[in-house]
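A.B. asks: show me the folded form of this:
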Amino acid sequence: MSNTDFTPEDRAFLRRILDHPEERMTWLAYADWLDERGYPQRAEYLRLTVEWVELPSGDPGRVQRDAALAALQVELDPNWAMMFDTPQIGNCRVRWEFACPLRWENLAATDTPEIRFCLACRRPVFYCHSMGDAEQFASAGECVAITSRVFPASDVPFAEHELIMGMMEFTPDPEDEDQSVDEE
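C.D. replies: Numbers count the residues shown, from 1 in each chain. So this is what the prediction gives:
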């Protein structure tokens, strides 16, 4: 099933999930629906993602689910998997007390699947399928979410990802120096 093969039912599930990502029952209902139509890998991907999100940070079950998700992602259409991926946000210009607390699935959907909008910093966030893409967007000062195919160990903070991969650090313009958001 490619993105152009989506039925009206697919589109309804996707719209609901993108509009209300916190409603995990919709994710699971979509997984059941996909199973019934012969897409067991997509269904399993959704179920594993829901399980991963619901586990507390540091839970050993996350590592197991990361491995299973990474194995499934290799076989799935990357543009489909991107809609449900859970990478951390990096290169945010807002100076959070810690790394940006948001994840891809928490951002507002736009008309372009690879771009979501962050309501906290009021900026677009670009989904990157590779480190090369991420470096290009980051060096231009854009917020990025890097596919979990690059970083399957999703509990590792984005700042450590930058150090590991030698990613460029963005230096904000002096005009943006007054931007600051505290984590709640």
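A.B. asks: for the longest strand along the chain, give me every contacting residue.
C.D. replies: Counting residues, the longest strand found in the chain (DSSP state E) is strand 123-128. The contact list for strand 123-128 (CB atoms under 8 Å, 6 or more residues apart in numbering) reads 82, 85, 87, 89, 92-93, 104, 107, 110, 113-118, 133-134, 137, 142-147. Bear in mind the C-beta positions are built from the backbone N, C-alpha and C, glycine included.
A.B. asks: after it, next one along is what?
C.D. replies: Next along the chain after strand 123-128, taking DSSP states H and E as the criterion, comes helix 131-139.
A.B. asks: what's the angle from that next one to strand 123-128?
C.D. replies: Angle, helix 131-139 to strand 123-128, by axes from the mean of the first three to the mean of the last three CA atoms, to 10 degrees: 160 degrees.
A.B. asks: in helix 131-139, what's buried?
C.D. replies: Buried residues in helix 131-139, defined by neighbour count with 16 or more other CB atoms under 10 Å: M131, D133, A134, E135, F137, A138.
A.B. asks: pull up the per-residue confidence for F151.
C.D. replies: In this model, F151 is scored at 54, pLDDT.
A.B. asks: quick check: which ranges of this structure have low pLDDT?
C.D. replies: In the predicted model of the chain, residues 1-4, 88-100, 148-184 satisfy pLDDT under 70.
A.B. asks: in it, what residue spans correspond to strands?
C.D. replies: Here the chain has its strands, by DSSP E, at 89-90, 108-109, 115-118, 123-128, 143-146.
A.B. asks: give me whichever of the ones you listed is most buried.
C.D. replies: Neighbour counts (mean count of other CB atoms under 10 Å) averaged over each of the strands of the chain peak at strand 143-146, with a mean of 27.
A.B. asks: alpha carbons of stretch 123-137, in PDB - could you do that?
C.D. replies: Presented in PDB, the C-alpha positions along stretch 123-137 are these (Å, rounded to 0.1, in the frame of the first residue of the first chain):
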ATOM      1  CA  ARG A 123       8.500  26.700  14.100                       C
ATOM      2  CA  PRO A 124       8.400  23.900  11.500                       C
ATOM      3  CA  VAL A 125      10.200  20.700  12.300                       C
ATOM      4  CA  PHE A 126      11.600  18.700   9.400                       C
ATOM      5  CA  TYR A 127      11.600  14.900   9.400                       C
ATOM      6  CA  CYS A 128      14.900  13.600   8.200                       C
ATOM      7  CA  HIS A 129      15.400  10.200   6.700                       C
ATOM      8  CA  SER A 130      19.200  10.400   7.000                       C
ATOM      9  CA  MET A 131      21.900  12.100   9.000                       C
ATOM     10  CA  GLY A 132      22.800  14.000   5.800                       C
ATOM     11  CA  ASP A 133      19.400  15.500   5.600                       C
ATOM     12  CA  ALA A 134      19.500  16.300   9.300                       C
ATOM     13  CA  GLU A 135      22.800  18.000   9.000                       C
ATOM     14  CA  GLN A 136      21.600  20.100   6.000                       C
ATOM     15  CA  PHE A 137      18.500  21.300   7.800                       C
END
